[in-house]
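Visitor: Kindly generate the corresponding structure for this input.
(2 chains)
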2 protein chains.
Amino acid sequence: MPLPSRIDAAVTRAIRSAQGGTAPRALADALHYATNPGGARIRPTILLSVAQACGDDQPELSDAAAAALELIHCASLVHDDLPCFDDANTRRGKPSVHRAYSEPLAVLTGDSLIILAFETLARAAVQNPDRAVELLLTLSRRTGMPDGICAGQGWESERVVDLAAYHRSKTGALFIAATQMGAVAAGQEAEPWYELGARIGEAFQVADDLRDALCDAQTLGKPPGQDDLHGRPNAVTELGVEGAIERLKNILGGTIASIPSCRGEAQLAHMVRSYAERLTPVTPARHRA
Amino acid sequence: MPLPSRIDAAVTRAIRSAQGGTAPRALADALHYATNPGGARIRPTILLSVAQACGDDQPELSDAAAAALELIHCASLVHDDLPCFDDANTRRGKPSVHRAYSEPLAVLTGDSLIILAFETLARAAVQNPDRAVELLLTLSRRTGMPDGICAGQGWESERVVDLAAYHRSKTGALFIAATQMGAVAAGQEAEPWYELGARIGEAFQVADDLRDALCDAQTLGKPPGQDDLHGRPNAVTELGVEGAIERLKNILGGTIASIPSCRGEAQLAHMVRSYAERLTPVTPARHRA
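Guide: Residues are numbered from 1 along each chain as shown, chains lettered A, B, ... in the order given. The predicted model follows:
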């Protein structure tokens, strides 16, 4: 099965399990709304690509890991869009969850998706308890405090920001989770996969800063210029457009070199290259010298 | 070690683990603020009492379960107090988390505590993976959708409310988690412990409705009359004060009978009786006929 179909099927299975029984209707609907249609599903795609490169000997466990990671990512988008954070009216080209359903339901949607992510991994433990527990530990570490995406958001409330910690947790964390969980689901050690995830995360952050600075709302599917608006650290503000593109190219160059030795190494390098091409923006006319 | 000390030590260990490394300071502080000083810690106390009644052969696992349950309960209080829900300025006699720290940090505190709860259980899996996975499944089921406290809050956004499902998930869920997780931590089946948890939850809900109707803000440590204000179903509105007290006594009478056979049955019955006495309010003069 192609990766996008595997991911969609796994996310759908998880969401349906949360909608059963006597679930309150609007919240049940909001769980689907917040996760469909998906964005690029880039994190679970990386996760499954790494799992395949490592042999993917327990595909049901890899699918559960991919779904759990995507659910956490979607939860973070729902909470980040809330009025007290970005106050975003749109996400992926449609109204954000709090605009479509209400603010209380958006808070509950995020909470429910976080819980569902861990429940999905716990259910997968019947296949392999040891790997499932390792997946739970990896996902919780990269999601919560002091190293996960919650910590990343928390840095935005600090007067003095540790920039390295901020970027590593805000954007890097779920990419590190992606490469490490892919390896763990296929029975490999997590540690050698840290650097690849961290580098992909760094590239993604700079590419996101570039898109935020260069694109209009329609292309983005969300309001542009959010980083400037909220005074958040941003590679374009720091280096200018050309400087940020240069930095992105440098990061991507090192990324392929950081792929650990594994049987699917060549195919994984191919995937990273194809993402790199998609990530690197062509400078629009108004920003050219 | 007495139960309150075991619970405080376990919660403190969990919170400290989330404050380490390069954690952003304010969010790290808010995690402590949201969990200390604790309230009655009634859910983890029930959990450990059941574990002891079942032999408590792996006390470190029981402690992790108690901490995880209390973290989830504290997370739910932080999110319930948010402006979009109860908009409560105080909790446990001090400013609510969003008043003390900010609304973004309150959202992140709740999220981080939820994640920390599951991380705490996953870490405890080194002691006994099978029991830890069962604990993870029980906690996630009673916290998320469709049966957990998220579902309970979700019902408050519905026009037509399934009252049985509402009460079972809103208040019952974490008491069911308490009795079942206590049993599972000590190596027993979860299912026989469902009814005891459900009955304690029901009693607690009616007692809470009575306190909400009868007490002032200082005694409650939070604003009174919240159910009336938010149009939520309430036993006092439905049955009057005397009727609600009568129902509470009836529920408590059946609770002791529902304790499953176990070696510490007598001691557990004693604990339930002592909670029952504390829960049953003396009708204040202004409400007497």
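Visitor: roughly how far apart are the residue in the stretch 151-289 of chain A positioned nearest to chain B and A:Tyr166?
Guide: The stretch 151-289 of chain A approaches chain B most closely through A:Gly154 (3.4 Å), counting by C-beta to the nearest C-beta. (C-beta placed from N, C-alpha, C; glycine too.) A:Gly154 sits at a distance of 9 Å from A:Tyr166 (criterion: C-beta to C-beta, to the nearest Å).
Visitor: Which one's more surrounded, these two?
Guide: It is A:Gly154, of A:Gly154 and A:Tyr166, that has more neighbours when counted by other C-beta atoms under 10 Å in any protein chain shown, with 29 against 23.
Visitor: give the contact list for A:Ala67.
Guide: A:7, A:10-11, A:13-14, A:44, A:117, A:120 (C-beta atoms under 8 Å, 6 or more residues apart in numbering or on different chains).
Visitor: Can you give me the distance of the closest residue to it other than its chain neighbours to A:Ala68?
Guide: Spatial nearest neighbour of A:Ala67, chain neighbours left out: A:Ala10 (3.8 Å); criterion: C-beta to C-beta, 6 or more residues apart in numbering or on different chains. Using C-beta to C-beta, we find A:Ala10 at a distance of 9 Å from A:Ala68.
Visitor: Give me the more crowded residue out of these two.
Guide: With neighbours defined as other C-beta under 10 Å, A:Ala10 and A:Ala68 compare such that A:Ala68 has more, 32 against 23.
Visitor: In space, what's closest to A:Val161 - neighbours in sequence excluded?
Guide: A:Trp155 (5.4 Å).
Visitor: List the residues that contact that neighbour.
Guide: A:Trp155 neighbours (C-beta under 8 Å, 6+ apart): A:161-162, A:165-166, A:169-170, B:24.
Visitor: can you pull out the strands in chain A?
Guide: A:90-91, A:94-95 (DSSP state E).
Visitor: Just want to check the distance between A:Pro37 and A:Ile245.
Guide: The spacing between A:Pro37 and A:Ile245, counted by C-beta to C-beta, is 30 Å.
Visitor: swap in A:Gln267?
Guide: A:Gln267 is 27 Å from A:Ile245, by C-beta to C-beta.
Visitor: what stretches of the stretch 101-250 of chain A score poorly on pLDDT?
Guide: Applying pLDDT under 70 to the stretch 101-250 of chain A picks out residues A:216-231.
Visitor: again, only this time at 90
Guide: Applying pLDDT under 90 to the stretch 101-250 of chain A flags residues A:126-127, A:161-164, A:167, A:171, A:204-239, A:249-250.
Visitor: any chance you could map the helices in it?
Guide: Counting by DSSP state H, counting those that start in this stretch, the segments of the stretch 101-250 of chain A that form helices are A:103-123, A:129-143, A:149-155, A:163-167, A:173-185, A:194-214, A:217-220, A:226-229, A:235-257.
Visitor: quick one: the residue of the stretch 151-289 of chain A closest to chain B and A:Met145 touch, right?
Guide: Yes - with contact defined as C-beta atoms under 8 Å, A:Gly154 and A:Met145 form a contacting pair (7.2 Å).
Visitor: what's the overlap in contacts for these two?
Guide: With C-beta under 8 Å, 6+ apart as the test, A:Gly154 and A:Met145 both reach B:23, B:27-28, B:112.
Visitor: Of the residues you listed, which is the most crowded?
Guide: B:Ser112 (33 neighbours).
Visitor: show me the residues around that residue that make contact.
Guide: Counted by C-beta under 8 Å, 6+ apart, B:Ser112 has contacts A:144-145, A:150, A:154, B:18, B:27, B:31.
Visitor: need these in a markdown table with distance to B:Ala125, can you?
Guide: Listed next are the contacts of B:Ser112 as a markdown table, based on distance: C-beta to C-beta, whole Å:
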| residue | distance to B:Ala125 |
| --- | --- |
| A:Gly144 | 17 |
| A:Met145 | 20 |
| A:Cys150 | 22 |
| A:Gly154 | 27 |
| B:Ala18 | 18 |
| B:Leu27 | 26 |
| B:Leu31 | 22 |
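Visitor: Tell me how far the residue nearest to A:Ile46 when sequence neighbours are not counted lies from B:Asp8.
Guide: Excluding the flanking residues, the one nearest A:Ile46 by C-beta to C-beta, 6+ apart is A:Ala178, at 4.2 Å. From A:Ala178 across to B:Asp8, the span is 37 Å (C-beta to C-beta).
Visitor: out of the two, which sits in the busier spot?
Guide: Shown here are A:Ala178 and B:Asp8; by other C-beta under 10 Å, A:Ala178 has more neighbours (31 against 20).
Visitor: got the contact list for that one?
Guide: A:43-44, A:46-47, A:50, A:69, A:197, A:200.
Visitor: Looking at the contacts of B:Ser112, which is nearest A:Leu61?
Guide: A:Gly144 (22.0 Å; C-beta to C-beta).
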